[in-house]
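J.: following is a predicted model, sequence given first.
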Amino acid sequence: MKPKTIDPVMKILEKKFPASTTTLNKMRGKADAFKILISCLLSLRARDETTEVISANLFKIADTPEKIIKLPTEKLKKIIFKTGHYNKKAIALKSVSKEILEKFNGKVPKTYEELISIKHIGPKTANIVLAFAYDKTVIPVDTHCHRVPNRLGWVKTKFAEQTEQELIKILPKKYWKEFNSIFVQFGRQVCVPISPFCSTCPIKKYCKRVGVKKFR
């Protein structure tokens, strides 16, 4: 059954954290799938504004699988340094580019199954590519999109993959495209993992605060 709080919560968050302001939404319909994929990989544990700048800098030099592969690893690390975890990310970018080139003729695949067959691409990244590059109706669920619905009491799950399946059942499709962008912003700025800002939260009257022991 669809929780009664979904519509009011989504309406409030859509105004407070518009999806159109995020890096990936700015790229929707404008950038190719490879750029969206690379931006997504760079965005892991990085601020959105940092991802936007670093992605743009990288694409000036290397915006195809071939160019990423040819780019010296140390130079790549230097370019993406500010996104954090640059050693692991450099390895991932090189590996993903190589697989796309060798297995998919240099084209980012358009199916979920093919995307997750590529090393370093998980369910969330695959769904982000499908949603933002190919306009597929899916719900990309990361740590924020998993944590917040659980705190709200919309779902009761342990893993992001389970949350995705539950959200598919209860979240109206009109919210699917913007859900990730809105909840990532909200999760980073207000409903943070430890001591969320409940006292100033715009949707506090709709939240059950499941699992929240301390808040600000």
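T.: Everything's here; your move.
J.: next secondary structure element downstream of the helix or strand of the chain with the lowest mean pLDDT?
T.: Of all helical and strand segments in the chain, the minimum by mean pLDDT, DSSP states H and E falls on helix 23-27, at a mean of 69. On the C-terminal side of helix 23-27, the closest following helix or strand by DSSP states H and E is helix 33-43.
J.: buried stuff in the following helix or strand past that following helix?
T.: Next helix or strand after helix 33-43 toward the C-terminus (DSSP H and E): helix 48-61. Residues of helix 48-61 classed as buried: 48, 50, 51, 52, 54, 55, 58, 59 (neighbour count, 16 or more other C-beta atoms under 10 Å). C-beta: built from backbone N, CA, C; applies to glycine.
J.: the fifth one: what's it in contact with?
T.: Contacts for residue 54 were tallied using C-beta atoms under 8 Å, 6 or more residues apart in numbering; they are 42, 46, 79, 80, 82, 83.
J.: got it, and the first one?
T.: With contacts defined as C-beta under 8 Å, 6+ apart, the neighbours of residue 48 are 22, 23, 184, 185, 188.
J.: so what's the last one up against?
T.: Yep, that's residue 188 we're talking about. Taking C-beta under 8 Å, 6+ apart, we find residue 188 in contact with 47, 48, 144.
J.: give me the contact list for the biggest helix by length in the chain.
T.: Taking DSSP state H as the criterion, the chain has its longest helix at helix 86-103. The contact list for helix 86-103, computed with C-beta under 8 Å, 6+ apart, reads 34, 37-38, 41-42, 44, 65-66, 68-69, 73, 76-77, 80, 83, 106-109, 118-121.
J.: what comes up buried for the helix or strand just after that helix?
T.: Beyond helix 86-103 on the C-terminal side, the first helix or strand identified by DSSP H and E is helix 112-116. Buried residues in helix 112-116, counted by 16+ other C-beta under 10 Å: residue 115.
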